[in-house]
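Asks: build me a model:
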Amino acid sequence: MSRPWQALRALRLRLLGPAKELVGTDQFGNKYYRVPKHETRAGQTIPERRFVEAVNQQAYQYEMGDFPTEWEAWIRKKRNDPPTIEEILKNENYRQEMKQKIRDVSEKDKLLQAKEYKEGLVAEPVHTHVKGHASAPYYGKKEPSQDPTSTANTFQPGSWMPPGSSSSHNK
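Replies: Numbering: from 1, shown residues only. Model prediction:
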């Protein structure tokens, strides 16, 4: 590199800081960058910065799983070296195997429970269905009470009595 070019590069580094370096991409097309640790012209040390340029630029369109967990760990500095595509694929295969094993065990457990219920070894769980909310007056009853009717045209102050009230004195 020529001497003037080195001087310009050093000046740019002091004024603007180092350029971002492409570290890698994932299977979704997201690009991962780092800006190395550097010193400003005032002598302040700026720590390394890691970030991603996502394929999907709108933040509201992100969903869980858009970034591989290995890359997320690298961005959050939980790991020093960026992941390789082989590592990501190996871990993804492992996660799929675990999901399949969970489904298999769950199915075996359901079959075992059904067998135990059939043989009478275990009592079947009681399935109760309660309509309404606990604060409703008809909680636990099969049907709610009749719909209230409006008394806006015939209402007289002090004349209302709660339903089922035995005292019939009006004030």
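Asks: show me where this protein has its strands.
Replies: Per DSSP state E, the chain carries strands over the ranges 21-25, 31-35, 38-39, 45-46, 49-53.
Asks: now do the buried residues in the second one.
Replies: Looking back up the chat, that one is strand 31-35. 32-35 (16 or more other C-beta atoms under 10 Å). For glycine as for every other residue, the C-beta is placed from the backbone atoms N, C-alpha and C.
Asks: so what strands line up beside it?
Replies: Partners of strand 31-35 in the sheet, by DSSP bridges, are strand 21-25 (antiparallel), strand 49-53 (antiparallel).
Asks: wait, Val23 touches Arg34, no?
Replies: Yes. Applying C-beta atoms under 8 Å, one finds Val23 in contact with Arg34, separated by 5.4 Å.
Asks: give me the common contacts of these two.
Replies: Arg50 (C-beta atoms under 8 Å, 6 or more residues apart in numbering).
Asks: let me see the ranges of the helices in this protein.
Replies: 3-16, 69-75, 85-119 (DSSP state H).
Asks: switch those over to a markdown table; also include mean pLDDT.
Replies: What follows is the helices of the chain, written out as a markdown table (pLDDT from 0 to 100):
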| stretch | mean pLDDT |
| --- | --- |
| helix 3-16 | 71 |
| helix 69-75 | 91 |
| helix 85-119 | 93 |
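Asks: rewinding a little: so which of the strands of the chain is the most packed in?
Replies: Ranked by mean neighbour count, those are led by strand 31-35 with a mean of 17 (mean count of other C-beta atoms under 10 Å).
Asks: distance between that strand and the chain's centre?
Replies: How far strand 31-35 lies from its chain's middle: 25 Å, per C-alpha atoms, centre = their mean, to the nearest Å.
Asks: and for that strand, what's in contact with it?
Replies: With C-beta under 8 Å, 6+ apart, strand 31-35 has contacts from 17-26, 48-53, 71, 74-75, 82.
Asks: may I have it as CSV, with CA atoms only?
Replies: Taking Å, rounded to 0.1, in the frame of the first residue of the first chain, the C-alpha atoms of strand 31-35 are listed here in CSV:
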residue,chain,number,x,y,z
LYS,A,31,-25.8,-10.8,6.9
TYR,A,32,-23.8,-10.5,10.1
TYR,A,33,-21.2,-7.7,10.6
ARG,A,34,-18.8,-6.6,13.2
VAL,A,35,-17.0,-3.3,13.8
